[in-house]
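Engineer: Fold the following and give me the result.
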Amino acid sequence: MRPIGFSTGALALSDFRLALEELKGQAVDSIELSALRYRELRPLLYALGTLALASYKYKSIHAPSSFDAEQEVEIVDLLKRFVPTDWPIVIHPDTIHDFSAWRGFGNQLAIENMDRRKPIGRTFEELSIIFEKLPDAMLCFDIGHARQCDTTMTEAYRILRAYSSRLCQVHVSEVNTASRHDPLSFAAIHAFAEVADLIPDRVPIILEARVAQDQIKAEIEKAQKALPLSAVLEVTT
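Structural biologist: So this is what the prediction gives:
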């Protein structure tokens, strides 16, 4: 089984404690602690030492998805002070005002490819510009964003072929025309499976679908169908 888990923001928006409670007893070993809004970052970071996270083998933080230039210095400082250095920090490239401020995170920083609303970070070419400015950064591949931008999955293929060595986690959901993260449909599962072999089995899946607690197990099972383990791994282990 691939490492798999949820974004706390998908399950309970800013209430990360509720999200962690809903995941108790579920077959998950990975977690992304989400602070998509600027006002959510301090409460989350201040609470890190009190959260029961020992059962999670993979942990990451999602930085705010919108902030102004004056807030950027504060956000960078908070992340440096509170986030363990072995936790990836996911960032939307269109939020960055000063790339030099983020360069110090090195390979702890994970750039997420964007949906079609955004002006940058959607395609292989646009990501290449970002990685020129952040040469050590990793990639958080949002497969739903890639499919929304190109339903043929050609752009997903190009991004994964170019940046497989940077891949640290995969966001999985169905991204609709309004850029909302929905549960996976049969069509999305089929589309994602087309590029599954380009995603190493060790890379964690982070589910972002907005689901209720009683839907968590079913969404995990759908994600496992969408991104099955590679046949090569199962033969050789």
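
Engineer: Show the contacting residues for the nearest residue to Phe6 once chain neighbours are set aside.
Structural biologist: Nearest non-adjacent residue to Phe6, counting by C-beta to C-beta, 6 or more residues apart in numbering: Leu207, 4.8 Å away. Where you see a C-beta, it was placed from the backbone N, CA and C, and this is true even at glycine. Counting by C-beta atoms under 8 Å, 6 or more residues apart in numbering, Leu207 touches Ile4, Gly5, Phe6, Ser7, Ala10, Val172, Ser173, Glu219, Ile220, Ala223.

Engineer: Over to Val203?
Structural biologist: Applying C-beta under 8 Å, 6+ apart, the residues contacting Val203 are Arg2, Pro3, Leu167, Cys168, Gln169, Val170.

Engineer: again, but for Arg147
Structural biologist: The contact partners of Arg147, by C-beta under 8 Å, 6+ apart, come to Met153, Ala156, Glu174, Val175, Ala188, Ala191, Phe192.

Engineer: Is Leu139 within a helix or a strand, and which one?
Structural biologist: In this assignment (DSSP states H and E), Leu139 forms part of strand 138-142.

Engineer: pLDDT averaged over the following helix or strand past that strand - what is it?
Structural biologist: Using DSSP H and E, the helix or strand that follows strand 138-142 in sequence is helix 143-149. The predicted model assigns helix 143-149 a mean pLDDT of 97.

Engineer: next SSE after helix 143-149?
Structural biologist: Going down the chain from helix 143-149, the next helix or strand is helix 154-163, by DSSP H and E.

Engineer: just for the protein, where's the confidence low?
Structural biologist: Within the chain, the set of residues satisfying pLDDT under 70 comprises 230-237.

Engineer: please redo it, this time with the cut-off set to 90
Structural biologist: By pLDDT under 90, the low-scoring segments of the chain are 1, 176-179, 229-237.

Engineer: And the strands in it?
Structural biologist: 4-7, 30-34, 58-62, 89-91, 109-112, 138-142, 167-172, 174-175, 181-182, 205-207 (DSSP state E).

Engineer: And the helices in this protein, which stretches?
Structural biologist: Along the chain, counting by DSSP state H, helices occupy 8-12, 16-22, 38-47, 69-82, 99-103, 124-133, 143-149, 154-163, 186-193, 216-226, 231-236.

Engineer: Can you get me a residue count around the residue lying closest to Arg103 once chain neighbours are set aside?
Structural biologist: In this structure, Arg103 finds its nearest non-sequential neighbour in Leu134, 6.1 Å apart by C-beta to C-beta, 6+ apart. Leu134 has 20 neighbours, counted by other C-beta atoms under 10 Å.
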